[in-house]
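[1] Provided below are the primary sequence and the corresponding predicted coordinates.
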Amino acid sequence: MVDAAETERALSTVAAGHRAVATRLDGATVVDGRLRADGDPLTAERLATAAEAAVAEAGGDADTRVRPSGDRIRPGEPVVVAVRPAVLGAPLARTFVVDGGGGWDRRAAVAVEMAHDAVSRVAEPGRPAGRLVDEAVAELGAYGLTPTEDPVARTAAGDPIDRSDETPLAAGQVFVLDPTAVDPDPAADRGRIRIGAFYAVTESGCRVLGDLPTSLSPDAYR
């Protein structure tokens, strides 16, 4: 079982990857409705490469996924960056919005943050693991949002935690809460807001691992 100390060491390198992406997004310019950096279109591939190079420089190894894929990086559109350290089975995700209007994306971010808050209040030894998912999904629903098909919670090894999972949480266990909120109306096509965090179960509850910001604004990661 991956312990909290090992997870925190891995997350410290992953944080460098997220900060590298945030720096590029923060410095990007808008040309013809697309984001550009150093004169070239800012693409998902370029962002992923920047993240993995920063993780390597920090002494780690990671695999990065960016959504939306390709060169569809536009102002006001949520950009989801999931960086998975090689020593862990689950990624750490953040969502960035350049020149966001503060409307739907902000409401969705608040809903995801409230999902984390609800889970952190109930996660304790002896609680069924499936309760983590129930609490997160309930909070998203309270804001009129739904989760995607992606797992809401995982073990540190990357195994999805199902709502029906009655396995009791144990002190020392590490889990990942990774809710992704979308508009329930598919026609809205607003993108997705995904913010993840690793938690360690303690004798008296749980604590979040790492100190990476959760803001949608790239400049918050300076």
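    That came in fine, so what should we check first?
[2] next SSE after the helix or strand bottoming out on mean pLDDT in the chain?
    Ranked by mean pLDDT, DSSP states H and E, the weakest helix or strand in the chain is strand 146-147, scoring a mean of 87. Per DSSP states H and E, the first helix or strand lying C-terminal to strand 146-147 is strand 153-155.
[3] quick one: average pLDDT of that next one?
    Per-residue pLDDT over strand 153-155 has a mean of 95.
[4] next one: stretch 111-130
    Here the average pLDDT along stretch 111-130 is 97.
[5] just the CA atoms of it, as PDB, please.
    Provided in PDB are the C-alpha atoms of stretch 111-130 (Å, rounded to 0.1, in the frame of the first residue of the first chain):
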ATOM      1  CA  ALA A 111     -19.500  22.600  -6.700                       C
ATOM      2  CA  VAL A 112     -16.400  20.500  -7.000                       C
ATOM      3  CA  GLU A 113     -14.800  22.300  -4.100                       C
ATOM      4  CA  MET A 114     -17.800  21.600  -2.000                       C
ATOM      5  CA  ALA A 115     -17.700  18.000  -3.000                       C
ATOM      6  CA  HIS A 116     -14.100  17.900  -1.600                       C
ATOM      7  CA  ASP A 117     -15.300  19.600   1.600                       C
ATOM      8  CA  ALA A 118     -18.100  17.200   2.100                       C
ATOM      9  CA  VAL A 119     -15.900  14.200   1.700                       C
ATOM     10  CA  SER A 120     -13.200  15.500   3.900                       C
ATOM     11  CA  ARG A 121     -15.800  15.800   6.700                       C
ATOM     12  CA  VAL A 122     -17.000  12.200   6.500                       C
ATOM     13  CA  ALA A 123     -13.800  10.300   5.600                       C
ATOM     14  CA  GLU A 124     -12.600   8.500   8.700                       C
ATOM     15  CA  PRO A 125     -11.600   5.000   9.800                       C
ATOM     16  CA  GLY A 126     -14.500   2.500   9.600                       C
ATOM     17  CA  ARG A 127     -16.600   4.600   7.100                       C
ATOM     18  CA  PRO A 128     -17.600   2.600   4.000                       C
ATOM     19  CA  ALA A 129     -15.400   3.600   1.000                       C
ATOM     20  CA  GLY A 130     -18.500   4.100  -1.200                       C
END
